[in-house]
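A.B. asks: I'd like to go over a predicted model; first the sequence, then the structure.
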Amino acid sequence: MFGSLSKLAMSLGRELFGLNVKSNQKLADIAKKIGIDTDDIASASDEAIQATLETAARSGAIDPREANAITIQIAKDAQEVVPDRSFVEGYEGNQVLPKIGGGKDPDYVYRTMSKKEYEDFINKGELVNVGGRTHASASPLNEFSNNVDDTVTVKIKYDRNDGWKAKMSSLGEVYAVTDQPISSEKISLEDGILSPSNLGVKR
């Protein structure tokens, strides 16, 4: 979500995240469980990094203030290269839901993940984020293809029954977040048909 891969590799926020991963084994273990290749931080999706930092902060593996500082820095690094992929908040009763223009529900939400996370999803038949929550954006990450640096982008059919909520970042961007598993029937590759053959995964 943070621009071209060359810019990702050089961003200060990712360098800070990488340094923390190298010096903090608990953080590294959490990152690996979420599907991040700790030897190639540049290829990790922003959702995976955020999930890692949030999980680590909740478990005490990293100071929450440090986790928040890294998240903010990564977002700042992205400001000049990221197109608008934010939802708007829609208030219905006591719920805050992700909405698009005109206050409508989105047809799809989009998530970029590592191919390892994708393989795990294929094998399980449903998307379950190890960190406890799945984050998604309002539009696909067009700066990535599904064949670059072990990263894939999937589109997820939006369904209120999946428990999606709106969450605003510290910079005012609104993402869709859910803590519920998502059936494979609602998910496809952003530029192709969802199939284990896409990755050579054997079921």
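C.D. replies: Thanks, I have it. Numbers count the residues shown, from 1 in each chain.
A.B. asks: What are the contacting residues of stretch 47-67?
C.D. replies: Stretch 47-67 is contacted by residues 1, 14, 17, 20, 24, 26-27, 30-31, 34-36, 68, 70-71, 74, 111-114, 117, 129-136 when judged by Cβ atoms under 8 Å, 6 or more residues apart in numbering. All C-beta spots, glycine's among them, are computed from the backbone N, C-alpha and C.
A.B. asks: again, only this time at 6 Å
C.D. replies: For stretch 47-67, contacts defined as Cβ atoms under 6 Å, 6 or more residues apart in numbering pick out 17, 26, 27, 30, 31, 34, 35, 36, 71, 111, 131, 135.
A.B. asks: right, and the pair among those with maximum separation?
C.D. replies: With Cβ to Cβ as the measure, no two of the contacts of stretch 47-67 lie farther apart than 26 and 111, at 25.1 Å.
A.B. asks: between those two, who's got more neighbours?
C.D. replies: In this view residue 26 and residue 111 are compared by other Cβ atoms under 10 Å, and residue 111 has more residues nearby, 28 against 12.
A.B. asks: Could you pull out the strands in this structure for me?
C.D. replies: 88-92, 95-99, 108-114, 126-127, 134-136, 151-157, 165-168, 174-178, 182-183, 187-189 (DSSP state E).
A.B. asks: Output these in JSON lines, with mean pLDDT and distance to residue 53 appended to each entry.
C.D. replies: Listed next are these as JSON lines, based on pLDDT from 0 to 100; distance: least, Cβ to Cβ, whole Å:
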{"stretch": "strand 88-92", "mean pLDDT": "89", "distance to residue 53": "22"}
{"stretch": "strand 95-99", "mean pLDDT": "92", "distance to residue 53": "21"}
{"stretch": "strand 108-114", "mean pLDDT": "86", "distance to residue 53": "16"}
{"stretch": "strand 126-127", "mean pLDDT": "80", "distance to residue 53": "20"}
{"stretch": "strand 134-136", "mean pLDDT": "86", "distance to residue 53": "12"}
{"stretch": "strand 151-157", "mean pLDDT": "86", "distance to residue 53": "19"}
{"stretch": "strand 165-168", "mean pLDDT": "89", "distance to residue 53": "14"}
{"stretch": "strand 174-178", "mean pLDDT": "90", "distance to residue 53": "14"}
{"stretch": "strand 182-183", "mean pLDDT": "88", "distance to residue 53": "22"}
{"stretch": "strand 187-189", "mean pLDDT": "85", "distance to residue 53": "24"}
